[in-house]
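Engineer: requesting a structural model of the entry that follows:
(one chain, ligands or ions: 2)
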Amino acid sequence: MGTFQIDFGEQRRSKIVGIDLGTTNSLAAYMDLTGPRIVEDPEGRKIVPSIVSVLEDGKLVAGEPARELLLTDPERTVYSVKRLMGRGVSDVEEERKLFPFRIADDSGSAIKLKLGNRTLTPPEISAAVLRRLKDNAEGALGAPVTEVVITVPAYFNDAQRQATKDAGRLAGLDVLRLVNEPTAASLAYGLDKRKQGIIAVYDFGGGTFDISILRLHDGIFEVLATNGDTHLGGDDIDNLLLRIALEDVRSEWGVDLAHDPEGVQRLRRAVIRAKEELSFVPETLIRLEYKAKSYERAIDRNLFDRLIAPVIERTLVSCRACLTDAKLTPEQIDEVVLVGGSTRIPLVRTAVERLFQAKPHTELNPDEVVALGAAVQAGILAGDVEDQLLLDVTPLSLGIETMGGVVSKLIHRNSTIPASATETFTTAVDGQRNVLIHVLQGERELAKDCRSLARFDLKDIQPVPAGFARIEVRFLIDANGILNVTARDARTGAEQTVEVKPSYGLSEDQVEAMIRESLDHAEEDMRERQVREAQVEADNILSATEKAQKSAAWIALAPEDQAAIEESKRELQAAYHSNDHYLLNQKIEALNKATTKLAETMMNTAVRGALRGTKIE
Ligand code: ADP
Ligand code: MG
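Structural biologist: Numbers count the residues shown, from 1 in each chain. Ligands and ions are numbered 1, 2, ... in the order given. From the prediction side, this is the model:
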């Protein structure tokens, strides 16, 4: 009899690591046999503060040592660099008032920071944090780490995402995917298993507040809306407490610590400790021993809640705006996920629960959920987890051609993928049995100016009068950028699908050129589109009128009404090629008015006919 040996070789193979590169704190995680697991450094710490310092010799340190240097060497230390990723000097003018950083050179458009004897870009600084996380992960796994998934806020644009990828590359990492933070949080809770539902992710961290509403369908997360405040977080709460403590110290000691950088940093740490304790106990002490003096103040949750209520209300204002943008009411939210260290505060939890009328998920550690979700995504990519999921962005909009050669966009440029969208169209001709689905890519308004990706016929649709058919067109882009287009007759269920590869064969330069061109032509395109749409409407009303003129109602119509219709028809036909949509719409309106009586008579006849039919039965 032979013996079986369990092969643990898999475990030692290099892993794809998931990274939460946060504004305040960063974490890494990986999949082990039991599920996602946070990386610990040799001291057993999980959180790496997103702080970077330049040492005397020009080397960079990140994390805890840099946090210490923030106290003693603030001019060579930087924090919150995520706020500057992928942004130009002109983008951050407002930012500079709110958060101090030293821009090395105002002349260029890219931001460079002066730290000690070095000049560094935001991706270079972020790379130092990533390198630290990579080292910790390699230590924990006992294997080299080269492939990662990094999370980014859902609202990050192309440039911010690109800067994050660059940071990865600078740290010697291959960034396989960027995942939206709210999506990662949902994955950590396994919400993808639900298949359908609306998820709100409330992320209240150190310096930022984000609310995202996602729709989950068939395991795909679609970002419906995002909102938030890039300057609202635990820091604001710290400042409220700090102001009180500084005031106390001034009156008790007769010293203004605000002018003592070390003193104020120590007091800040004391209030942060008290704040964090108050999430678990009803009362605590703010305590400072400094320069042979001591300060102590009791603070209870009642006072604390009253103090922070306005801060929390600001997050709720964003939540309501986000719901409005997503066109949803609070009752339509199925799941609420809490992310970020500040969601440990009990008042935050009750406020969120009250707003969304749903008990939020709090089972996982709120400052770990995003990293855990990133690890789940990493596991999916490595094939450790079944199902293919998630994310990149579409470089150009995708849509179909509708009447008059106008493009109706289903998926917009920069949408995160996988993405899906469904829209319902109708037929233009009575008794139409086929529709041509023409799939297009580009930013321009007219089909002729976009790139044609595919054409196919949806056959066997039920012949009904124009405007009555319901053709559902569904676009679905999978994680690899493959587009599937399905057209379906909602009445008969007849369905046709094609697979398209949207971004293949398009170089970066071509994408750029297409976007630039759309901006150059925006106005002209709009006008042309409006003319085309008016022409389509004119065609419809003219053919409907002609049809009506063959009916019994026409014969019954007074001669002066008949003449008025003929006149309006002639005028509309004359305006048809005028290229002036105002004129066209005016003439359409006139014909519409002229035919009102005719239409009413026809309707009545039709109803009478129908009633007669019933009687005979
Ligand atoms: P970010 O996503 O911005 O990097 P985090 O999600 O790590 O930030 O949140 C950091 C914030 O959470 C800090 O302001 C910290 O003080 C706060 N925080 C951490 N633990 C608690 C707690 N127990 N109670 C209240 N706030 C907390
Ligand atoms: Mg975060």
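Engineer: contacts, neighbours, all on C-alpha from now
Structural biologist: Fine.
Engineer: isn't Asn484 up against Thr497?
Structural biologist: Yes: the pair formed by Asn484 and Thr497 meets the contact definition of Cα atoms under 8 Å, at 6.8 Å.
Engineer: buried set for the host helix or strand of Ile286?
Structural biologist: Counting by DSSP states H and E, the secondary-structure element that holds Ile286 is strand 283-290. Across strand 283-290, burial judged by 16 or more other Cα atoms under 10 Å covers 283-288.
Engineer: in the stretch 351-500 of the chain, what residue comes closest to ligand 1?
Structural biologist: Using Cα to the nearest ligand atom, the point where the stretch 351-500 of the chain gets nearest to ligand 1 is Asp367, with a distance of 4.6 Å.
Engineer: any idea of the pLDDT on that residue?
Structural biologist: If you check Asp367, the pLDDT there is 95.
Engineer: can you check the one 4 residues further on too?
Structural biologist: At Ala371 the predicted local confidence, pLDDT, stands at 98.
Engineer: ramachandran angles for it?
Structural biologist: Summarising the backbone geometry of Ala371 under the convention degrees, to the nearest 10, its torsions are phi -60, psi -40.
Engineer: my guess is it meets Gly22, correct?
Structural biologist: No: Ala371 lies out of contact with Gly22 (Cα under 8 Å); the separation is 9.7 Å.
Engineer: so the two - more neighbours on which side?
Structural biologist: More neighbours sit around Ala371 than around the other of Ala371 and Gly22, counting by other Cα atoms under 10 Å; the figures are 32 against 29.
Engineer: mind checking how far that one is from Arg433?
Structural biologist: Taking Cα to Cα, to the nearest Å as the measure, Ala371 falls 52 Å from Arg433.
Engineer: likewise Ala419?
Structural biologist: 30 Å.
Engineer: these two: who's more crowded?
Structural biologist: The neighbour comparison of Ala419 against Arg433 (other Cα under 10 Å) goes to Ala419, with 25 against 15.
Engineer: what segments of the stretch 451-600 of the chain are strands?
Structural biologist: Across the stretch 451-600 of the chain, reading from the start of the chain, the strands by DSSP state E, counting those that start in this stretch fall at 451-458, 471-477, 483-489, 495-500.
Engineer: can you redo the ones you listed as CSV with mean neighbour count, mean pLDDT and distance to Val311?
Structural biologist: Converted to CSV, those look like this (neighbours: other Cα atoms under 10 Å; pLDDT from 0 to 100; distance: least, Cα to Cα, whole Å):
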stretch, mean neighbour count, mean pLDDT, distance to Val311
strand 451-458, 16, 83, 48
strand 471-477, 22, 88, 39
strand 483-489, 22, 88, 43
strand 495-500, 16, 81, 48
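Engineer: spell out which parts of this protein neighbour ligand 1.
Structural biologist: Proximity of the chain to ligand 1 (Cα under 6 Å from any ligand atom) is limited to residues 22-25, 205-208, 234-235, 272, 275-277, 279, 340-342, 344-345, 367.
Engineer: can we see that at 5 Å?
Structural biologist: Taking Cα under 5 Å from any ligand atom, the part of the chain that reaches ligand 1 is made up of 22-25, 205-206, 234, 276, 279, 340-342, 344-345, 367.
Engineer: nearest residue to the middle of this protein?
Structural biologist: In the chain, the centroid-proximal residue (Cα atoms, centre = their mean) is Ala154; its distance is 3.5 Å.
Engineer: isn't there a helix covering that residue?
Structural biologist: No: checked against DSSP: H, G, I helix; E, B strand; the rest coil, Ala154 lies outside a helix; its state is coil.
Engineer: neighbouring strands for the next helix or strand after the strand holding Ile286, and are they parallel or not?
Structural biologist: Elements were assigned by DSSP H and E; along the chain past strand 283-290, the next helix or strand is strand 293-300. Sheet neighbours of strand 293-300, with direction, are listed as strand 283-290 (antiparallel) (DSSP bridges).
Engineer: okay, the strand it pairs with in CSV with CA atoms only?
Structural biologist: Written as CSV, here are the backbone C-alpha positions of strand 283-290 (Å, rounded to 0.1, in the frame of the first residue of the first chain):
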residue,chain,number,x,y,z
GLU,A,283,-16.0,57.5,29.5
THR,A,284,-12.3,58.0,29.4
LEU,A,285,-9.5,60.5,30.2
ILE,A,286,-7.4,62.8,27.9
ARG,A,287,-4.1,62.7,29.7
LEU,A,288,-0.8,64.5,29.0
GLU,A,289,2.5,64.4,30.9
TYR,A,290,4.8,67.0,29.4
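Engineer: quick one: average pLDDT of it?
Structural biologist: 96.
Engineer: next, count neighbours for Val439.
Structural biologist: A count of neighbours around Val439, defined by other Cα under 10 Å, yields 25.
Engineer: before we move on, what about the one 4 residues further on?
Structural biologist: Residues contacting Glu443 under the criterion other Cα under 10 Å number 26.
Engineer: give me the distance from stretch 275-293 to the chain's centre.
Structural biologist: Here the centre of mass of C-alpha atoms in stretch 275-293, compared against the chain's by Cα atoms, centre = their mean, to the nearest Å, lies 38 Å away.
Engineer: and if you look at stretch 249-256?
Structural biologist: For stretch 249-256, the gap between its own C-alpha mean and the chain's C-alpha mean amounts to 47 Å (Cα atoms, centre = their mean).
Engineer: excluding its backbone neighbours, what's nearest Asp489?
Structural biologist: On the basis of Cα to Cα, 6 or more residues apart in numbering, the spatially nearest residue to Asp489 that is not a chain neighbour turns out to be Ile471, at 4.7 Å.
Engineer: now Ala548
Structural biologist: The spatially closest residue to Ala548, leaving aside those adjacent along the chain, is Trp554, at 6.6 Å (Cα to Cα, 6+ apart).
Engineer: kindly report the same for Thr24.
Structural biologist: Distance criterion Cα to Cα, 6+ apart; nearest residue to Thr24, sequence neighbours excluded, is Ser50 at 5.3 Å.
Engineer: who's in contact with that neighbour?
Structural biologist: Contacts for Ser50 (Cα atoms under 8 Å, 6 or more residues apart in numbering) come out as 21-26, 62-63, 79-81, 126, 129.
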